[in-house]
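Participant: below: sequence and its predicted model.
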Amino acid sequence: MQWQECNSLWDATRAAGALSERFLCGGARAVNLAELDRKTSLGGKAGALRGRSVLIRTRDLLASALAMIELDGMVRRMVLCPPDLNTEGLRYVAAAVETDAIVGDGTISEDLSGLGTFVRCGTELEPCAGKREERLASEWVLLTSGTTGTPKIVVHTLQTLGMAVDSNIALEGRRPVWSTFFDIRRYGGLCVFLRALMGGDSMVLSSVVEPAASFLERAGACGVTHMSGTPSHWRRTFMSPTARRISPSYLRMSGEIADQAILDRLRDFYQAKVDHAFASTEAGVGFVVNDGRAGFPAAWAGTRQGETDIKVEDGVLRLRSRRNALRYIGYESHVLGPDGYVDTGDLVELRGDRYYYLGRQDGTINVGGSKIHPEEVEAVLQMHPKVRMALARARKNSITGGLVSAEVVLDKDPGSSQERVKLQDELLHFCAERLSRYQVPAAIRIVPELPLATSGKIVRRGE
């Protein structure tokens, strides 16, 4: 049976076969998928949620995963709440999606009180009576952001999400074990989760409270073969003492621009196949680039690649496919334009036979009337052999309106203050040789680390 013919995620998981050979591994315990056929993570109270709009809010990713499997096809709407959704955002989302039930792995907190029936979930399974009866086409509701301001609420279905499942990256003679740095309650992580379940594989889940070094050690112990994350995730991995504990055969990057330096570094470090994908919550997985080069072939523009129609208008990437989200909830704009394309908001530039990503439309820095894309500056700094990560941002200036400043994390500490100053000068000269004059940072600061958001993207903050 093909997953498209299935009524629910559990239906598709079971149809993929070999349940007893497959598992989901969380931070504290693992669950064999065969257990899910006759057991429940919802304390036998799943029936109270039938046909409802259910908000899933847990601390533990395995608890969320088990709840998703059990609820899809039973509930009308399933809302996945990331851990950084603040109280104000939570209240807004709950009202917008007409929440009438909550599934969580702790006692209900004040910010959830009064929102409907509460059903406790967990990672410990217990026997359940009767067979599952999944018949509803549940909506899968994701949030594009939520740390500050009002999050956008995006509606998918198992069909739109499932269209992103690859069918050509399995291993010969070996059942893949997937993992990801992404939270499975966000689009990037959810796609990997669905890929593992619907593709007949196993998965090691990350944990919001687990240090990266411990996660890598656990992933290695579980025999992870396929792994994904943002370029920033991977740059941080190289700085971890447990980076060599994993030995994946396949790696994928998405969520940020994959420059040539990180593509080459990943391939050489792990001797693995490395792809990078363009994906967003609204557009879905647009396309995957697997030739080892940054950007994507210019010949793709104006054509269909796999499931996706690709075009570039006024330097902006636009995509149309069956993977696109259906709509927003509580947001005036539409996901799709009049022509059925998603405006990704990502700028690209044609150089020879290749389109290269410049950055977000709303992320440019204005220096004396010239527009600068911080990602271009970062890509150059990250080419330097002593730089592991870089962040470029705007700094206010009374004359030009703004200047570019940069922060870098080094491969290793240069030692003395004199060596640090010498290296800063070296980096400025390195940039001056490769960037236009107005793009060169006015100052470069060496920092011990750069913060990542829970999405895995580097935190960009103005000054």
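Facilitator: Perfect, I can see it now. Residues are numbered from 1 along each chain as shown.

Participant: which pLDDT value belongs to Val316?
Facilitator: If you check Val316, the pLDDT there is 95.

Participant: wait, I meant Trp234
Facilitator: On pLDDT, Trp234 comes in at 96.

Participant: what does the helix or strand hosting it rub up against?
Facilitator: Applying DSSP states H and E as the criterion places Trp234 in helix 231-238. With C-beta atoms under 8 Å, 6 or more residues apart in numbering as the test, helix 231-238 has contacts from 181, 212, 216, 229, 243, 251, 253, 255-259, 262, 265-266, 269, 382, 388-389, 409, 450, 452, 456-458. C-beta coordinates here come from the backbone N, C-alpha and C atoms, glycine included.

Participant: longest helix of this structure, counting residues only.
Facilitator: helix 417-432 (DSSP state H).

Participant: mind listing what's buried along it?
Facilitator: Using 16 or more other C-beta atoms under 10 Å as the test for burial, helix 417-432 gives Leu423, Gln424, Leu427, Leu428, Phe430, Cys431.

Participant: and those residues, which is closest to Tyr331?
Facilitator: Closest approach to Tyr331 among these (C-beta to C-beta): Cys431, at 39.2 Å.

Participant: let me see the contact set for the closest residue to that closest one other than its chain neighbours.
Facilitator: Spatial nearest neighbour of Cys431, excluding adjacent residues (C-beta to C-beta, 6 or more residues apart in numbering): Val440 at 4.8 Å. Contacts for Val440 (C-beta under 8 Å, 6+ apart) come out as Val404, Leu428, Cys431, Ala432.

Participant: and for Thr454?
Facilitator: By C-beta under 8 Å, 6+ apart, the contact set of Thr454 is Pro82, Pro83, Asp84, Thr147, Asp183, Arg186, Val208.

Participant: equivalent analysis for Arg434, please.
Facilitator: With contacts defined as C-beta under 8 Å, 6+ apart, Arg434 is in contact with Val380, Met383.

Participant: tell me which element it is part of?
Facilitator: Arg434 belongs to no helix or strand when assigned by DSSP H and E.

Participant: what separation do you get for it and Leu423?
Facilitator: Using C-beta to C-beta, to the nearest Å, one obtains 17 Å as the distance from Arg434 to Leu423.

Participant: repeat for Ser138
Facilitator: 54 Å.

Participant: regarding the closest residue to Gly27 other than its chain neighbours, which helix or strand does it belong to?
Facilitator: What sits nearest to Gly27 in space, not counting adjacent residues and going by C-beta to C-beta, 6+ apart, is Ser207, at 3.4 Å. According to DSSP H and E, Ser207 maps onto no helix or strand at all.

Participant: quick one: the strands in the stretch 251-400 of the chain, in order.
Facilitator: 273-280, 284-289, 296-297, 303-305, 308-313, 316-321, 327-329, 342-351, 354-360, 365-367, 370-372, 387-395 (DSSP state E, counting those that start in this stretch).

Participant: which stretch in those strands has the least confidence?
Facilitator: Of all these, mean pLDDT reaches its minimum on strand 365-367 (a mean of 79).

Participant: measure stretch 286-306 end to end?
Facilitator: Using C-alpha to C-alpha, to the nearest Å, the end-to-end distance of stretch 286-306 comes out at 9 Å.

Participant: can you get me a residue count around the closest residue to Ser138 other than its chain neighbours?
Facilitator: Leaving aside its sequence neighbours, Ser138 sits nearest to Asp72 (C-beta to C-beta, 6+ apart; 5.0 Å). Counted with other C-beta atoms under 10 Å, the neighbours of Asp72 add up to 25.

Participant: any idea of the mean pLDDT in the longest helix of the chain?
Facilitator: For helix 417-432, mean pLDDT rounds to 92.

Participant: start the count at 346 instead of 1 going forward.
Facilitator: All right, first residue 346 from here; so that's helix 762-777.

Participant: who touches that helix?
Facilitator: Around helix 762-777, the neighbours that count as contacts under C-beta under 8 Å, 6+ apart are 722, 725-726, 728-729, 731-732, 753, 755, 759, 784-786, 789-791.

Participant: tell me the bridge partners for Phe623.
Facilitator: Beta-bridge partners recorded for Phe623 (DSSP bridges): Phe632.

Participant: can you pull the contacts of it?
Facilitator: If you count contacts by C-beta under 8 Å, 6+ apart, Phe623 has them with Ser599, Val630, Gly631, Phe632, Val634, Phe641, Leu662, Leu664, Thr689, Asp691.

Participant: in this structure the residue nearest to Ser483 contacts Ala410, no?
Facilitator: No: applying C-beta atoms under 8 Å, one finds Asp417 not in contact with Ala410, separated by 11.3 Å.

Participant: now the helices for the chain?
Facilitator: Using DSSP H, helices in the chain cover 354-360, 406-416, 432-441, 503-507, 532-543, 557-566, 576-583, 605-615, 719-726, 762-777.

Participant: roughly how far apart are Ser750 and Pro796?
Facilitator: To Pro796, Ser750 is 16 Å away according to C-beta to C-beta.

Participant: can you check Arg374 too?
Facilitator: Per C-beta to C-beta, Arg374 is found 30 Å from Pro796.

Participant: can you check Thr462 too?
Facilitator: Per C-beta to C-beta, Thr462 is found 37 Å from Pro796.

Participant: when the two are compared, which one has more neighbours?
Facilitator: Ranked by neighbour count (other C-beta under 10 Å), Thr462 and Pro796 place Thr462 first, with 14 against 11.

Participant: tell me, how many residues neighbour the closest residue to that one other than its chain neighbours?
Facilitator: Residue nearest to Thr462 in three dimensions, not counting chain neighbours: Ala446, with 4.4 Å by C-beta to C-beta, 6+ apart. Ala446: 22 surrounding residues under other C-beta under 10 Å.

Participant: one step back: can you redo the strands of the stretch 596-745 of the chain as TSV with distance to Asp356?
Facilitator: Below are the strands of the stretch 596-745 of the chain laid out as TSV (distance: least, C-beta to C-beta, whole Å):
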stretch	distance to Asp356
strand 618-625	25
strand 629-634	21
strand 641-642	35
strand 648-650	29
strand 653-658	26
strand 661-666	24
strand 672-674	25
strand 687-696	29
strand 699-705	38
strand 710-712	49
strand 715-717	50
strand 732-740	42
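
Participant: nearest to Arg397, of the ones you listed?
Facilitator: Of the strands of the stretch 596-745 of the chain, nearest to Arg397 by C-beta to C-beta is strand 672-674, at 15.8 Å.

Participant: helices and strands around the closest one, which ones?
Facilitator: With contacts taken as 3 or more C-beta pairs under 8 Å, 6 or more residues apart in numbering; DSSP states H and E, strand 672-674 sits against strand 498-502.

Participant: got the angle for the strand it packs on vs helix 532-543?
Facilitator: Here the directions of strand 498-502 and helix 532-543 differ by 20 degrees (axes from the mean of the first three to the mean of the last three C-alpha atoms, to 10 degrees).

Participant: can you give me the buried ones in strand 498-502?
Facilitator: For strand 498-502, the neighbour count (16+ other C-beta under 10 Å) marks Ile498, Val499, Val500, His501 as buried.
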